[in-house]
Each structure stands twice: as structure tokens, then as C-alpha cells.
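Participant: Sharing a model that was predicted from the sequence below.
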Amino acid sequence: MNITLLAKKGGVGKSTLSILLYEAFRQAGKSVSLKDWDAQGTSSKALELILGAEIAAKQPPKPDIIIYDTPPSLEHTATATAVLNADIVLVVTSPPLLISGKRTTLSVLCRGKTATLQSG
């Protein structure tokens, strides 16, 4: 399963959520790979602190779950690649999310994919 974390801007908790998901799946016995494609490398640095550099550097050859921490930009090539590879896209926002921001985010998610928007 491929999970992409997507954000229009930085500082909304995308890297924090990627680390929490990584650890939750790892504790559930899944093999997990974290692809930190954000230039700041926050997720990678956090994993090194939590697990140690040697363990964090080891990536399973065929993980059950791949988590993509993408750059804080909807136009970045890495973001588009991660969205196209995703089984699940989590859009991380900080409240309040403006309607114009939703439309921009949804248009990126819908390129080349069928999207279902659910509320509640």
C-alpha cells in the first residue's frame, strides 16, 4: 500500500504525521518504507533520532507500506509522482482550510485518477 501525504504549504504537520504512521505500522508488524521527498528532510532526520541512523537507513526491499512525505508544493514533480503512485492520499492542512485551497488541492488529486470526496 502506498500512502502519500500532501500539503499546499509547509508547517502543517505532514512530516509529523508521516513519522507517526511509520511507527504505527511498524508496531503493527508491517514492513514500512518512508520516502522523504521534502527538501528539509524532517522525516528522515526524525527517524534517525528515533531508530538510530543505521536502522533508519535500512529500507525493506519490498515493504508492505510505503509512506511518501512530499515537498510543500502542489506543483513539484515529486508530489505529482507520489500522488500517481498512491493508493491513499492524505491531505494535511491547518485550520481553517479555505475553499480556494480545497479546489487547488482537489484538482491536483484528480489529474489522471478517479477521486471520491467524502465528508463527515
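Facilitator: Yes, it's here.
Participant: Contact partners for Pro61?
Facilitator: The contact partners of Pro61, taken as C-beta atoms under 8 Å, 6 or more residues apart in numbering, number zero. Every C-beta, even on glycine, is put in place using the N, C-alpha and C of the backbone.
Participant: Distance check, it against Leu34.
Facilitator: 15 Å (C-beta to C-beta, to the nearest Å).
Participant: go on, Ser73?
Facilitator: For Ser73, the distance to Leu34 (C-beta to C-beta) stands at 19 Å.
Participant: Looking at the two, which is more packed in?
Facilitator: Taking other C-beta atoms under 10 Å, Ser73 and Leu34 do not tie; Leu34 has more neighbours (25 against 16).
Participant: what does the helix or strand containing that one contact?
Facilitator: Taking DSSP states H and E as the definition, Leu34 sits inside strand 32-36. Among residues not part of strand 32-36, those counted as contacts by C-beta under 8 Å, 6+ apart are 15, 18-19, 22, 25-26, 42-44, 47, 59-60, 63-69, 82.
Participant: and the lengthiest helix in the chain, what does it pack onto?
Facilitator: Ranked by residue count, the top helix of the chain under DSSP state H comes out as helix 14-27. Helices and strands touching helix 14-27, by 3 or more C-beta pairs under 8 Å, 6 or more residues apart in numbering; DSSP states H and E, are strand 2-6, strand 32-36, helix 42-51, strand 65-69.
Participant: okay, these, which one's buried deepest?
Facilitator: Highest mean neighbour count of the helices and strands packed on helix 14-27: strand 65-69, a mean of 25 (counted as mean count of other C-beta atoms under 10 Å).
Participant: elements contacting the helix or strand following it?
Facilitator: Downstream of strand 65-69, the first helix or strand assigned by DSSP H and E is helix 77-85. The helices and strands touching helix 77-85, judged by 3+ C-beta pairs under 8 Å, 6+ apart, are strand 2-6, strand 65-69, helix 99-110.
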